[in-house]
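the following block contains a protein sequence and its predicted model.
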Amino acid sequence: MVNINASTDYSKRVPNRLITKLGRFSWFRSIRSKIKKIPKTYKVQFSNIFFEDINTKHCLEQINNTSLYQGFYLKQNLVDEIFNFAIDNECIEPNTYKIFHALLYNNLPKSNYIYRGLVTNTHKCRPIDEVKFNYKAIEIATKFLGYEPTNITQHLTWSLVVPESEHFIQQNYPAARWHYDVVGEESLTFNFYLTDVNNDQEGPHQFISGTHKNLPWQLLFKPSSICENTLDKYFPQQLKSSILGKSGYGFIENPLCLHRVKPPAMKPRLILQLRYS
């Protein structure tokens, strides 16, 4: 039997309740940042994993201003290797612990739906390590956090097609609702599509620009998941942007901004997410 804690980073990304609650406030995250300035325990890799170099200064300016930087690609050999790994390895649904292979599973109407699958054993995937410990990713994360990241987690996640309305899916799949991530400390997320996401039917990541720095204080005392009515009340003029791109397309996000996955309607979507904190 597959153990979710041993085969994925799921539990490492969920801190205790007190830290989660206090992590909503910048003063607490600042204190945690000062505490975490300790030497790293990983080996940085200096291979070139992107088609084009990322200008670190411009990247950080974009993230600070808009919550997100995008427009770069992983090299094709890494995309292919990670995609094949995701096909060959079993997935686990983190709530029911159901084990399955993503491309062999179909959600039938009115069945016990599976909304996502975490690919297991990603710690054994060499190409993911090559991306995770790449010098450019570590450099960007370090300058953003103010210290060398001491915790790096990884998710290789399939979002599956469910034959229901988007409203129905949002009630049962938290990632499909607008939310911001609360991890108890500053964090930065690198994301890479491993399937083509060319339109809103193929499961794009969506975000609302700038919401990492102007979240109304009223929302800080409510659940981090926000319904559409509340969203329209506090952000009536804010554009909801979809991130579109071919397989290998990358974007870096401050996960304190409001974001979500728009449920795929045509085919499963695969994404690699690396969180630095």
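Received it, and whenever you're ready, just let me know what you need.

tell me where the stretch 51-200 of the chain has strands.
Remark: strands assigned in the stretch 51-200 of the chain by DSSP state E, counting those that start in this stretch are 68-73, 91-92, 99-100, 116-119, 152-159, 178-179, 188-193.

select, out of those, the one closest to residue 171.
Residue 171 sits nearest to strand 178-179 of all the strands of the stretch 51-200 of the chain, at 13.3 Å, using C-beta to C-beta. All C-beta atoms are positioned from the backbone trio N, CA, C, and that covers glycine.

list the contacts of the closest one.
When contacts are defined by C-beta atoms under 8 Å, 6 or more residues apart in numbering, strand 178-179 is touched by residues 208, 224, 225, 226, 227, 228, 231, 258, 259, 260.

from those residues, which is closest to residue 200?
Using C-beta to C-beta, residue 260 is the member of the contacts of strand 178-179 that lies nearest residue 200, at 12.2 Å.

from the contact counts, what lies against the helix or strand that contains that closest one?
Element membership for residue 260 (DSSP states H and E) is strand 259-261. For strand 259-261, the elements it packs on are strand 178-179, strand 205-208, judged by 3 or more C-beta pairs under 8 Å, 6 or more residues apart in numbering; DSSP states H and E.

parallel or antiparallel, list what pairs with the longest one.
Each strand pairing with strand 205-208, determined using DSSP bridges, is listed with its direction: strand 240-243 (antiparallel), strand 259-261 (antiparallel).

would you mark the buried spots in the helix or strand following it?
Using DSSP H and E, the helix or strand that follows strand 205-208 in sequence is helix 217-220. Buried positions in helix 217-220, judged by neighbour count with 16 or more other C-beta atoms under 10 Å: residue 219.

how far does helix 217-220 sit from the chain's center?
On the basis of C-alpha atoms, centre = their mean, to the nearest Å, helix 217-220 sits 23 Å off its chain's mean C-alpha point.

ok, now stretch 46-66?
Taking C-alpha atoms, centre = their mean, one finds the center of stretch 46-66 at 17 Å from the center of the full chain.
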